[in-house]
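> Got a predicted structure here, sequence first:
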Amino acid sequence: MCSLGIITKERNKGIAKLLVQHLISVSTQPLYLVCIIPEFFTPFNFKIVTEYPPELKNKLEYCIHDLVVEEEYVVMKYFGV
């Protein structure tokens, strides 16, 4: 997953939750994401990981260096139900 954001006036309507649930339901491959809000994804059974595909290393480095924010970026993996 590259990015998931909901514009302010549409937040708290369950839109992001529906998008994540749909992605999980149609996925045929392991799901990984880079994010700054792991607490949003943990209820879906995503867990922070330190081992991940090389492509995620590139994404993580891009986020850290080019999308600078105060929060820490982490890589998460979906572990199913």
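Good, I have the coordinates. Numbers count the residues shown, from 1 in each chain.
> residues in contact with the residue sitting nearest the centre point of the chain?
Among the residues of the chain, the one closest to the centroid is residue 33, at 3.7 Å (C-alpha atoms, centre = their mean). Listed by C-beta atoms under 8 Å, 6 or more residues apart in numbering, the contact partners of residue 33 are 1, 4, 41, 46, 75, 76. Glycine gets a C-beta too; all of them are placed from N, C-alpha and C.
> what are the ranges of the strands in the protein?
Assigned by DSSP state E, the strands in the chain fall at 32-35, 46-48, 74-78.
> Could you tell me which strands sit next to the first one in the sheet, and their orientation?
Strand 32-35 has the following strand partners under DSSP bridges: strand 74-78 (antiparallel).
> Now do the partner strand, average pLDDT.
Mean per-residue pLDDT for strand 74-78: 96.
> With respect to residue 16, which of the contacts of residue 33 is nearest?
Comparing these against residue 16 with C-beta to C-beta places residue 4 closest, at 5.9 Å.
> My guess is that closest one contacts residue 19. True?
Yes. Using C-beta atoms under 8 Å, residue 4 is in contact with residue 19, at 6.5 Å.
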